[in-house]
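Student: got a sequence here, can you build the structure:
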Amino acid sequence: MSTSTAGNDLKEIQPRGTALIPFLIFIVVYMGVGMVLQFSGVEMAFYQMPAPIAALIGIAAAFIMFKGTVDEKVDQFMAGCGDSNIMTMCCIYMLAGGFAALARAMGGVQATANLGLSVIPPEYVTAGLFVIACFLSMATGTSVGTITAIGPIAIEVASLAGLNMVLVLGTVVGGAMFGDNLSMISDTTIAATRTQGVEMRDKFRVNFMIALPAAAATFVLLLLFGRPETVVPLKELEFSIIKVVPYIWILVLSLMGINVFVALASGIVVALGVGLFTGDLTLLGSAKSVYDGFTGMFEVFLLSMFIGGLSAMVTQNGGLLWMLQKIQSKVTSERSAEIGISGLVSIADIATANNTVSIVVTGSIAKNIADRYHVDPRRSASLLDIWSCVFQGILPYGAQTLIICGLAAGVVSPFQLLATLWYPYFLGVFALLSSFFPFADGYIRRHPWNWATGRAE
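Tutor: Below is the predicted model:
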């Protein structure tokens, strides 16, 4: 979300609560349509209304409400849409989508899943499915894609091994949210880091120290309570380990601090090379796959631009300053500022059932809160991503739970899953604890943020 008008320019703007009405219209339309369709029994109800269309309705309200000539309002809107942070974020979305689509086309997703299942001892299959989902979602950057790939396999394994189906499905969702939260090519990571102005690897280092104990606690419980009554050997699955290489390549380059554009572009080249070598891709087919990946990111690309433009208009008319003043009256310390940021993105995700949308909508507000109360931006980026994924992973009307239950052919309901979504619960607990006991801030303490230069030392 654009923050170009959120710095010194705020001193010249009068706070006005009514300026937030266009944002509220966007949220109400998006959430309202979802609720009506949900009660009408429509499948995937909260995903029937395209978010950019709901945003357009809010933008139209802003053009009607706000003072000034049409040309002035268009200039404000376009400046927000074209903000450098917004454009950078959108370009990363496209490259990430292109890489993910190409790696999937050359068989990387299935190879990774089969590799994991081939090395799991049958008696630990539930815990193993969690690990596979964690790795696959972190490699591919998509929780929905991971659930779609792993879900049918997990359901089949649960049936054959006599496992608790509800526990297995909850385990897959938990593993998928682990990677969604941490992956270098996840749209939530891209949105969180760009809105807060930090590097992906730095956010990862802070985030990982919260996600790791949550994953470890989940894994231990699955070892204890996820064992089958009768051990059934898993069937042998074919896989080619070379097809996992592009995912490892992206992860290593990102952690090394290589420019994200270089990492993703080279990842596309590596995936292309692997696909051509194995015979799974052709040059023409690869071009189409990459383009399909680009277009697959169109909705979040368009939404980011629209919200950036709307944010600029709302900011120029005093909405952001009014909200900051209200939040400031409740926030008294860095700790309470962290809780405020966490609460903000959580409410947005509950309202939109989309963790990327919730980060894009609240990003600039979180950035201003973080700057005002000296919350390290690597920390605020981590909190935005974590809490959006916590609630996205447990919402009964979220895409993740709806898809996994749909794959199970109605055997398990989204509300039944609430008892077995252990990882999102643990993630929320450790994230909350980290605001009071900074056990995850080792990297931040070693490399403190320089507020004068806006960089880590």
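Student: wait, what's in contact with the spatially most central residue of the chain?
Tutor: Geometric centre of the chain, nearest residue: T188, 2.8 Å, by Cα atoms, centre = their mean. Counting by Cβ atoms under 8 Å, 6 or more residues apart in numbering, T188 touches D180, N181, N355, T356, I359, D385, S388, C389. Every residue, glycine included, has its C-beta placed from N, CA and C.
Student: report the separation between G319 and A337.
Tutor: G319 is 20 Å from A337, where distance means Cβ to Cβ, to the nearest Å.
Student: and for T453?
Tutor: 21 Å.
Student: which of the two has more neighbours?
Tutor: A337 (26 against 8; other Cβ atoms under 10 Å).
Student: got the phi/psi numbers for the more buried one?
Tutor: Backbone torsions of A337, given as degrees, to the nearest 10, read phi -70, psi -40.
Student: how about the nearest residue to it, chain neighbours excluded?
Tutor: Y373 (3.8 Å; Cβ to Cβ, 6 or more residues apart in numbering).
Student: can you count the residues close to that neighbour?
Tutor: Y373 - counted by other Cβ under 10 Å - has 20 other residues nearby.
Student: next one: phi and psi at it?
Tutor: phi -110, psi 20.
Student: return the distance of A103 relative to G128.
Tutor: From A103 across to G128, the span is 22 Å (Cβ to Cβ).
Student: about what we covered before: wait, what's in contact with the residue nearest to A337?
Tutor: If you count contacts by Cβ under 8 Å, 6+ apart, Y373 has them with V331, S333, E334, A337.
Student: try C81
Tutor: Taking Cβ under 8 Å, 6+ apart, we find C81 in contact with M305, F306, G308, G309, A312.
Student: next secondary structure after the longest helix that the chain contains?
Tutor: For the chain, the helix with the greatest residue count under DSSP state H is helix 200-225. Counting by DSSP states H and E, the element after helix 200-225 in chain order, helix or strand, is helix 245-255.
Student: next, count neighbours for F436.
Tutor: 10.
Student: quick one, phi psi at it?
Tutor: When read as degrees, to the nearest 10, the backbone of F436 gives phi -100, psi -30.
Student: and the nearest residue to it once chain neighbours are set aside, what's its pLDDT?
Tutor: In this structure, F436 finds its nearest non-sequential neighbour in R335, 6.7 Å apart by Cβ to Cβ, 6+ apart. R335 is assigned 87 on the pLDDT scale.
Student: sec struct for R335, please.
Tutor: Using DSSP: H, G, I helix; E, B strand; the rest coil, the structure places R335 in helix.
Student: name the helices or strands packed onto the helix or strand hosting T146?
Tutor: T146 is part of helix 143-161, with elements assigned from DSSP H and E. If you count contacts as 3 or more Cβ pairs under 8 Å, 6 or more residues apart in numbering; DSSP states H and E, helix 143-161 packs onto helix 108-119, helix 125-140, helix 165-182, helix 399-407.
Student: now do the buried residues in that helix.
Tutor: Neighbour-count burial for helix 143-161, counted by 16 or more other Cβ atoms under 10 Å, picks out 143-147, 149-151, 153-155, 157-158, 160-161.
Student: and for stretch 325-345?
Tutor: Buried residues in stretch 325-345, counted by 16+ other Cβ under 10 Å: I327, V331, A337, E338, I339, G340, I341, S342, L344, V345.
Student: nearest spatial neighbour of the fourth one, skipping sequence neighbours?
Tutor: In this case it means E338. Once flanking residues are discounted, E338 sits nearest to S435: 4.5 Å by Cβ to Cβ, 6+ apart.
Student: am I right that D385 sits in a strand?
Tutor: No - judged by three-state DSSP, D385 forms no part of a strand; its state is helix.
Student: only C-alpha atoms, please: export stretch 440-453 in PDB.
Tutor: This file holds the C-alpha atoms of stretch 440-453, laid out as PDB (Å, rounded to 0.1, in the frame of the first residue of the first chain):
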ATOM      1  CA  ALA A 440      12.400 -14.000  18.500                       C
ATOM      2  CA  ASP A 441      14.300 -10.700  18.300                       C
ATOM      3  CA  GLY A 442      17.900 -12.000  18.300                       C
ATOM      4  CA  TYR A 443      18.500 -11.000  14.800                       C
ATOM      5  CA  ILE A 444      17.000  -7.500  15.400                       C
ATOM      6  CA  ARG A 445      19.200  -7.000  18.500                       C
ATOM      7  CA  ARG A 446      22.300  -8.000  16.500                       C
ATOM      8  CA  HIS A 447      21.300  -5.700  13.600                       C
ATOM      9  CA  PRO A 448      19.300  -2.800  15.100                       C
ATOM     10  CA  TRP A 449      17.200  -0.600  12.900                       C
ATOM     11  CA  ASN A 450      18.700   2.800  12.100                       C
ATOM     12  CA  TRP A 451      15.600   5.100  12.100                       C
ATOM     13  CA  ALA A 452      17.600   8.000  10.500                       C
ATOM     14  CA  THR A 453      18.700   6.000   7.500                       C
END
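Student: look up phi and psi at G68.
Tutor: The phi and psi torsions at G68 (degrees, to the nearest 10) take the values phi 110, psi 170.
Student: now do the contacts for it.
Tutor: Q76.
Student: for it, give its distance to V173.
Tutor: Noted for G68: a distance of 47 Å to V173, by Cβ to Cβ.
Student: so V168 makes contact with P152?
Tutor: No - judged on Cβ atoms under 8 Å, V168 makes no contact with P152 at a distance of 11.8 Å.
Student: what residue ranges in the stretch 251-400 of the chain score low on pLDDT?
Tutor: For the stretch 251-400 of the chain, no stretch is flagged by pLDDT under 70.
Student: picking up where we left off before, and the longest helix of the chain, what's buried?
Tutor: Neighbour counts over helix 200-225 (16+ other Cβ under 10 Å) mark 200-211, 213-215, 217-219, 221-222 as buried.
Student: D280 in helix, strand or coil?
Tutor: Classification of D280 using three-state DSSP returns coil.
Student: tell me the contacts of it?
Tutor: A105, M106, G107, K243.
Student: give me the low-pLDDT residue ranges for the stretch 1-150 of the chain?
Tutor: Along the stretch 1-150 of the chain, the model assigns pLDDT under 70 to residues 1-11.
Student: tally of neighbours for the residue nearest to L223 when sequence neighbours are not counted?
Tutor: What sits nearest to L223 in space, not counting adjacent residues and going by Cβ to Cβ, 6+ apart, is A127, at 5.0 Å. By other Cβ under 10 Å, the residues close to A127 number 22.
Student: doesn't P228 make contact with A127?
Tutor: No - contact between A127 and P228 fails when scored by Cβ under 8 Å: they sit 11.4 Å apart.
Student: tally of neighbours for Y291?
Tutor: Other residues close to Y291 by other Cβ under 10 Å number 15.
Student: name the SS class of it, please.
Tutor: Classification of Y291 using three-state DSSP returns helix.
Student: now do the same contact list for it.
Tutor: Contacts of Y291 were listed using Cβ under 8 Å, 6+ apart, and they are G98.
Student: where's the residue nearest to the centre of the chain, which helix or strand?
Tutor: Element membership for T188 (DSSP H and E) is helix 187-196.
Student: and that helix, average pLDDT?
Tutor: Average pLDDT, helix 187-196: 91.
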